[in-house]
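**Student:** Structure here, sequence nowhere to be found:
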């Protein structure tokens, strides 16, 4: 029978190492996606995934006081992503830094790059949106990505970023306004298509 | 509803954060106001595009490799090394230990400081044993300025060099500058 997240968390706190491994399996894609959207390249996203789970492992006793594991995880991941973003400062381009990956992974990636993605309704437009997002300051960028791209609620984001929900609303509003300004022509042009 | 009010609620409307009654009021306004409707479409389009932002799946091999690496850095680390890794099985205990270590460090620093002050104070105002000068000389006096009965410098160049070396050995002037052993360094082997 598949265990629920709270069951896995409880087992993990009580020393069940396999429960931790299962939590990694269930959440690593989500954290990778967040890291990739925020930092814009595979290697940094990979670092966010690994560091987030290593930190979770170190803080396992703190999980006893945590109501929602996903929010706790999100907080650790976002904090690390922000730190990395500030450290990189300017190095945020989507890159093809895949040379250090295992051959099979590189092959998989190249296959994906070669394939016209079904999600890419308009690749050029997507690149413009990514570039626009990269112009936002870290907190606004993270808030917009968490809410509009990853689909987290404002309450979840407030908990993850350890700030009031009103701050999340404000950051989101400012981020959207900036994005609209940067993408004005594209948004209007696309609407008319 | 005014345009200003409608525009301020458009994002909440798109995010479905409005009450049904409020959402209905916004809808009614949008039906009759082309300018606000245009703003609504722009905001909605942006949100749709952000939602469609392509994810990137590095593939099955990547996920299994990542899970293996995380395991190697956590579960597979021997228990003894986990302490070095920073894994705290007892967070409260670890914090308490850190506090004790900090207190011991502070106490040791204070001990050294107080000892230095006491040593310095006990050595204070000691008179040099140099008997070539009529007036008592404090060890802190600039020895290069001391003159003998014939107005010649008491301290020769070679002695000054030895004194400087002695000062270097004893540390900076201050507590240790009063150290009474310093004049002894000036005694020549003549």
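**Tutor:** Everything's here; your move. Bear in mind that the values here come from a model prediction, so they are computed numbers and not experimental data.
**Student:** Let me know the next secondary structure element after the worst-scoring helix or strand of chain A on mean pLDDT.
**Tutor:** Lowest on mean pLDDT, DSSP states H and E among the helices and strands of chain A sits helix A:103-114, with a mean of 40. Later in the chain than helix A:103-114, the nearest helix or strand by DSSP states H and E is helix A:123-134.
**Student:** So is that next one next to chain B?
**Tutor:** Yes - contact of helix A:123-134 with chain B (Cβ under 8 Å from any Cβ of the partner chain) involves A:125, A:126, A:129, A:130. Every C-beta, even on glycine, is put in place using the N, C-alpha and C of the backbone.
**Student:** which strands and helices sit next to the helix or strand harbouring residue A:140?
**Tutor:** Taking DSSP H and E as the definition, one finds residue A:140 inside helix A:138-144. The contact analysis (3 or more Cβ pairs under 8 Å, 6 or more residues apart in numbering or on different chains; DSSP states H and E) places helix A:138-144 against helix A:69-88, helix A:123-134, helix A:154-161, helix A:165-182.
**Student:** can you put those in TSV and add mean neighbour count and mean pLDDT?
**Tutor:** Shown next, in TSV, are the helices and strands packed on helix A:138-144 (neighbours: other Cβ atoms under 10 Å in any protein chain shown; pLDDT from 0 to 100):
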stretch	mean neighbour count	mean pLDDT
helix A:69-88	19	87
helix A:123-134	16	85
helix A:154-161	20	89
helix A:165-182	18	93
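**Student:** Let's have these in TSV, adding distance to residue B:26.
**Tutor:** TSV is the format used below for those (distance: least, Cβ to Cβ, whole Å):
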stretch	distance to residue B:26
helix A:69-88	30
helix A:123-134	26
helix A:154-161	18
helix A:165-182	16
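**Student:** which one of those lies closest to residue B:117?
**Tutor:** helix A:69-88 (43.2 Å; Cβ to Cβ).
**Student:** What residues does chain B have near chain A?
**Tutor:** Neighbours of chain A within chain B, by Cβ under 8 Å from any Cβ: B:11, B:15, B:17, B:41-43, B:45-47, B:49-63, B:65-67, B:69-71, B:73-75, B:85-91.
**Student:** care to break chain B down by domain?
**Tutor:** Chain B breaks down by automatic domain parsing into domains covering B:3-51, B:58-87, B:90-122, B:126-190.
**Student:** In chain B, what residue lies closest to chain A?
**Tutor:** Chain A sits closest to residue B:59 of chain B, with a gap of 3.2 Å, by Cβ to the nearest Cβ.
**Student:** Phi first, then psi, for that residue.
**Tutor:** Backbone torsions for residue B:59, taken as degrees, to the nearest 10, come to phi 110, psi 160.
**Student:** tell me the mean pLDDT for stretch B:74-88?
**Tutor:** Averaged across stretch B:74-88, the pLDDT comes to 66.
**Student:** Kindly report the same for stretch B:106-124.
**Tutor:** Stretch B:106-124 carries an average pLDDT of 82.
**Student:** the helices in chain B, which residues?
**Tutor:** Ranges of helices in chain B, per DSSP state H, are B:3-14, B:20-32, B:34-51, B:60-73, B:79-85, B:91-122, B:157-170, B:181-185.
**Student:** ok, so what distance separates residue A:49 from residue A:3?
**Tutor:** In this view, residue A:49 and residue A:3 are 21 Å apart by Cβ to Cβ, to the nearest Å.
**Student:** So for chain A, the centremost residue is which one?
**Tutor:** Nearest to the geometric centre of chain A sits residue A:34, at 0.8 Å (Cα atoms, centre = their mean).
**Student:** wait, doesn't it sit right on residue A:81?
**Tutor:** Yes - contact criterion Cβ atoms under 8 Å: residue A:34 and residue A:81 qualify, at 6.7 Å.
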